[in-house]
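Quick one: sequence and predicted model below, then my questions.
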Amino acid sequence: MMDPTQHYRRWRWLAPAGLLTIGAGLSVVGQATLFKTQQAPTRRWVLWGTAGLALTNAGLSMLGDSIKHRALYEGQQSTDRVKNA
C-alpha cells in the first residue's frame, strides 16, 4: 500500500503529463485531418490518425490514473485526520 505522499507525487506527475499527451494526440489527429483534406495518400493520414488516437487514449488513461491517485491521497488524508482527532 502506498503512503499518501507517494499518491500525491504520482498525481502531481500524471495529471499534467496526461493533459499534455491528450493535447498532443488531438493535434496529431488534426494533422491527419488536414492530410486527408489535402488528398494525401490514404496510408499517410490513416497512420497519423491512428497515432493521434493512440496518444489521446494514452493521455486519457494517464489522467484517469492521476484522478485515482488524488482520490486515494485525499482518502488517506481524511483517515489520518480522523485517527489523530
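Sure thing, it's come through.

quick one: the strands in this protein?
For the chain, no strands are identified by DSSP state E.

Select the longest helix from it.
helix 42-84 (DSSP state H).

how far out from the middle of the chain is that helix?
Computed by CA atoms, centre = their mean, to the nearest Å, the chain-centroid distance of helix 42-84 equals 4 Å.

per-residue confidence averaged over it?
The average pLDDT for helix 42-84 rounds to 93.

Equivalent analysis for stretch 19-33, please.
For stretch 19-33, the mean pLDDT works out to 98.

How about residues contacting it?
Stretch 19-33 is contacted by residues 45-46, 48-49, 51-60, 62-63 when judged by CB atoms under 8 Å, 6 or more residues apart in numbering. Heads up, the C-betas are built off the backbone N, CA and C, glycines and all.

Buried ones from these, can you make that a ChimeraX selection?
Command for ChimeraX that selects the buried part of those, burial taken from 16 or more other CB atoms under 10 Å:
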select :45,48,49,51,52,55,56,58,59,62,63
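
And the contacts of stretch 19-33, which is closest to Asp80?
Checking the contacts of stretch 19-33 against Asp80 by CB to CB gives Leu63 as the nearest, at 26.0 Å.
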